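Peer 1: Okay, structure incoming, though there's no sequence with it:
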């Protein structure tokens, strides 16, 4: 089992433009969205190579939910903490992680 840790996963956005015109609006066609972050990318490729992989990290909010859904589709089901607030990290003046 390979375990990857991504402390700050990202939602990567991509798209295609017909051409870039300086000093003008360039409209994006066919927007794509996919989970990112170095360890997330590694875990996704390892899963595609049929290697047992467990990705873990922190996710929160709407974007965190979207990333988790995308990782579920890739077969990375147990990504880790899916909601986290500052209140969860501080208790009695001491910071800790659950």
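Peer 2: That came through, no problem. Treat the numbers as computed from the prediction; the structure is a model and nothing was measured.

Peer 1: If you drop the residues flanking it in sequence, what lies closest to residue 1?
Peer 2: With C-beta to C-beta, 6 or more residues apart in numbering as the measure, residue 52 is the residue that lies nearest to residue 1, at 4.8 Å, once sequence neighbours are left out. (C-beta placed from N, C-alpha, C; glycine too.)

Peer 1: State which helix of the chain is the longest.
Peer 2: In the chain, taking DSSP state H as the definition, the longest helix is helix 61-73.

Peer 1: Would you mark the buried spots in it?
Peer 2: Applying a neighbour-count criterion of 16 or more other C-beta atoms under 10 Å, the buried positions in helix 61-73 are 64, 67-68, 70-71.

Peer 1: Tabulate these (CSV), appending distance to residue 42.
Peer 2: Supplementary listing: these in CSV, determined by distance: C-beta to C-beta, whole Å:
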residue, distance to residue 42
64, 19
67, 15
68, 17
70, 15
71, 13
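
Peer 1: what's the neighbour count on residue 36?
Peer 2: Burial of residue 36 is recorded as 16 neighbouring residues (other C-beta atoms under 10 Å).

Peer 1: Look up the closest residue to it, ignoring the ones flanking it.
Peer 2: Counting by C-beta to C-beta, 6+ apart, residue 36 lies nearest to residue 12, which is 3.7 Å off, once chain neighbours are set aside.

Peer 1: How about the secondary structure of that neighbour?
Peer 2: Taken by DSSP: H, G, I helix; E, B strand; the rest coil, the conformation at residue 12 corresponds to strand.

Peer 1: what stretches of the protein score poorly on pLDDT?
Peer 2: Across the chain, the stretches falling below the confidence threshold (pLDDT under 70) are 77-98.

Peer 1: Quick one: the strands in it, in order.
Peer 2: For the chain, the strands defined by DSSP state E cover 2-6, 10-16, 29-36, 53-58, 80-81, 90-91, 94-95.

Peer 1: Packed most tightly, which of the ones you listed would that be?
Peer 2: Per residue and on average, the most neighbours among the strands of the chain fall to strand 53-58, with a mean of 20 (mean count of other C-beta atoms under 10 Å).
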